[in-house]
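> need a 3D model of the sequence below.
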Amino acid sequence: MPFRSSALAGALALIAFASSASADEVPVTQKNKKFLPTEITIKAGDTIVFRNDDPITHNMFSRSEKFEFNLKMQKPGQDLRQSFDEPGTAIVRCAIHPKMKLVVNVEE
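Okay, here's the model as predicted:
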């Protein structure tokens, strides 16, 4: 019996560790042609969920080293996701509204 109990305890500890190390989804809103917040710090592996709360279309992109992406057209009310898998800094902008800027700091 002791073997089964310790094996079960070890399995439960491994499951708890795996779920605590899992990536998160972090919300970022677009409202009044601005990102809210305008700067965010996340962990490597996290995903930003971009929510368009404007009545107009947006187009998020980044040309930052390690973080090049283009999410294309995002209609009002739509959510789009982008993962950030390694440490660094990304500058995210809207191709339609060039004054929109989000700084994403990605930590280990």
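> make it CA atoms for all contacts and neighbour counts henceforth
Will do.
> count the neighbours of the closest residue in space to Met60 that isn't next to it in sequence for me.
Taking C-alpha to C-alpha, 6 or more residues apart in numbering, and ignoring the residues beside it in sequence, Met60 has Cys94 as its nearest neighbour in space, at 4.5 Å. Neighbours of Cys94 under the rule other C-alpha atoms under 10 Å: 24.
> right, and Cys94 touches Thr57 too?
No. Look at Cys94 against Thr57 with C-alpha atoms under 8 Å: they stay out of range, at 9.7 Å.
> in the chain, where is pLDDT below threshold?
Where the chain drops to pLDDT under 70, the residues are 1-22.
> all strands of it, in order?
Assigned by DSSP state E, the chain shows strands spanning 25-31, 34-36, 39-43, 47-52, 60-62, 69-70, 79-83, 88-94, 101-107.
> buried residues, stretch 42-59. List them.
By neighbour count with 16 or more other C-alpha atoms under 10 Å, stretch 42-59 contains the buried residues 42-54, 57-59.
> and it, how far apart are its ends?
From the first residue to the last, stretch 42-59 extends over 21 Å; the measure is C-alpha to C-alpha, to the nearest Å.
> just how off-centre is that stretch within its chain?
Centroid separation for stretch 42-59 versus its chain: 8 Å, with C-alpha atoms, centre = their mean, to the nearest Å.
> hmm, who's touching it?
When contacts are defined by C-alpha atoms under 8 Å, 6 or more residues apart in numbering, stretch 42-59 is touched by residues 23-33, 70-87, 93-97, 104-108.
> what's the distance between Val103 and Lys75?
When distances are taken as C-alpha to C-alpha, Val103 and Lys75 turn out to be 22 Å apart.
> actually Glu65, not the one I typed
27 Å.
> and for Gln82?
Remark: distance between Gln82 and Lys75 (C-alpha to C-alpha) = 16 Å.
> likewise for Asp54?
To Lys75, Asp54 is 9 Å away according to C-alpha to C-alpha.
> please name the bridge partners of the residue lying closest to Ser64 once chain neighbours are set aside.
Across the structure, with C-alpha to C-alpha, 6+ apart as the measure, the residue nearest Ser64 apart from its sequence neighbours is Ala90 (5.3 Å). Here Ala90 sits in beta bridges with Val104, going by DSSP bridges.
> that's all I had, so thanks and see you.
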